[in-house]
Each structure stands twice: as structure tokens, then as C-alpha cells.
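Visitor: with the input below, show me the fold.
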Amino acid sequence: FSFEPFLRKEYQFGIDPTRPICKDFLAGYCENGNGCQDRHVQPSSSNRVVCKHWLRGLCKKGDSCEFLHEYNLRKMPECAFFSRNGFCTQSPDCLYLHIDPQSRIPPCPNYDKGFCRLGPNCNRRHTRKVLCEYYLCGFCPRGADCDRAHPKWS
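Guide: Got it, this is the predicted structure:
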């Protein structure tokens, strides 16, 4: 297309994202500006999540974006539809993370000890565990590493 040179110059469209970081830019000033062939990024970008606009090809910030511009399944943003509704219409083809809303609720320390007096009205998560038969008999050889419940009644 006739507008491709404009996109390359202004938005670095179609330029290799793995090109090296510009040393002049890191030093403070690059005289080439947007025409520089190297990347203009700060090495300490604190956010380690893939840019949702870049995934759709709509990120206007280019190299100055604070989000990652790389395709990494481990660093995908959370699926907004799944977090709102509890299901996703795109599954299993959805690229975004599907995080169970129940996993965000902290566990109830009283229930983990054996009993929570608030019961279903408790605003914390009650995770049911199988009782350890060794602990109920008096001694569990696995101790704190046991994956079963060791209730502490007082």
C-alpha cells in the first residue's frame, strides 16, 4: 500500500520487535527520533502483562508502551468476559487468562482449623479437605507436609 512508509516511520509498523535497544536513547537522547532503526524502550518496564491492544494490532504507543509487545501465553491479560460472567464464549480458543473468581477470596483460617462459626455467612473461602486418618489416630508421620486436614479443636 502507498501508506506503508508512513506507518513504518510514525508507528514502526512492520519492524522486527526483537531489534536491539537504542544505546543513544538509553543514554538520554536519540537524534534519529522515530526514524531510528533500534527500539526506544526503557529497560525497567514494571508491568509484565501482554498489551491487550497490541494483541489486536491497535496499540498506538509502540515501543513506549508500558505493557509487553510479545506473544507469551504465561503473561496474557485476564479475560474480562470470564471474570464478569464466570464463563467465556470463546473457550477453548480464548487467548486470555481464565482466573477462577473463587481463587481470589482468601481462605478462612477458622475453617482450616476445623470449624467456622459463621458457616455459609462467612465472607472467606471454605475449602473442604479430607481428614487425615493418621492424625485422628494420634500421630501423622508427614506432619505439616501432609495434604490432608489436621483439625485443631480447643
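
Visitor: and stretch 38-58, average pLDDT?
Guide: With pLDDT averaged residue by residue, stretch 38-58 scores 72.

Visitor: from the chain's centroid, how far away is stretch 66-74?
Guide: 10 Å (CA atoms, centre = their mean, to the nearest Å).

Visitor: kindly export it (C-alpha atoms) in CSV.
Guide: The C-alpha trace of stretch 66-74 is given here as CSV (Å, rounded to 0.1, in the frame of the first residue of the first chain):
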residue,chain,number,x,y,z
GLU,A,66,4.4,0.1,29.4
PHE,A,67,3.0,-3.4,28.5
LEU,A,68,4.7,-6.2,26.8
HIS,A,69,4.6,-6.4,23.0
GLU,A,70,5.3,-10.1,22.7
TYR,A,71,3.1,-13.2,22.3
ASN,A,72,3.6,-15.0,25.6
LEU,A,73,0.8,-17.3,26.9
ARG,A,74,2.0,-17.1,30.5
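
Visitor: can you point out the buried residues in that stretch?
Guide: Residues of stretch 66-74 classed as buried: Phe67, Leu68, His69 (neighbour count, 16 or more other CB atoms under 10 Å). (C-beta placed from N, C-alpha, C; glycine too.)

Visitor: so which of those residues is the closest to Arg117?
Guide: Using CB to CB, Phe67 is the member of these that lies nearest Arg117, at 44.8 Å.

Visitor: pLDDT score for that closest one?
Guide: Note on Phe67: pLDDT of 83.
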